[in-house]
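> Return a 3D structure for these sequence lines:
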Amino acid sequence: MPSKATQQPHGGEPDMSEEVALLGEYEYYLSQKQELLASFEGKVVLIKGKEVIGIFDTDEAAYWEGRRRFGNVPFLIHHIEQEEEVVWFPVLEIGYPDGSL
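Okay, the predicted model is just below:
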């Protein structure tokens with residue numbers, strides 16, 4: 001099961017709606033994984049809802065396309081790999097107060 005950091009700034013509670021949205025997007029990724037591996041192994045996928053938005057060479061390119069298209073809302077950026085380690089964390093929790101890289 002994917003993990004997600006849950007510590008919130010200012011002692012607030014985790015936003016469960018964001019976690020549920022990302023879980024749904026991750027489950028969609030898993031349902032499409034074999035097709036994505038066949039053509040795009042080693043690349044990065046951007047998923048919003050149940051839609052593959054694009055395939056990118058870097059996390060950063062996927063992130064900026066997600067921000068451009070959707071704003072500062074949850075979307076999934078994931079490496080397309082056969083074997084994977086999944087770590088989820090909001091950008092705000094790693095010291096990027098405006099969500100920038």
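> Helix or strand next in line after the helix or strand bottoming out on mean pLDDT in the chain, which one?
Taking mean pLDDT, DSSP states H and E as the measure, the chain has strand 3-4 as its least confident helix or strand, at a mean of 34. The helix or strand immediately downstream of strand 3-4 is helix 16-40, counting by DSSP states H and E.
> In terms of secondary structure, what does the next helix or strand after that next one contact?
Next along the chain after helix 16-40, taking DSSP H and E as the criterion, comes strand 44-48. When contacts are defined as 3 or more CB pairs under 8 Å, 6 or more residues apart in numbering; DSSP states H and E, strand 44-48 sits against helix 16-40, strand 51-56, helix 59-70, strand 76-79. Heads up, the C-betas are built off the backbone N, CA and C, glycines and all.
> contacts for the second one?
Think strand 51-56. Strand 51-56 has contacts (CB atoms under 8 Å, 6 or more residues apart in numbering) with 32, 36, 40, 43-47, 62, 65-66, 69, 75, 80.
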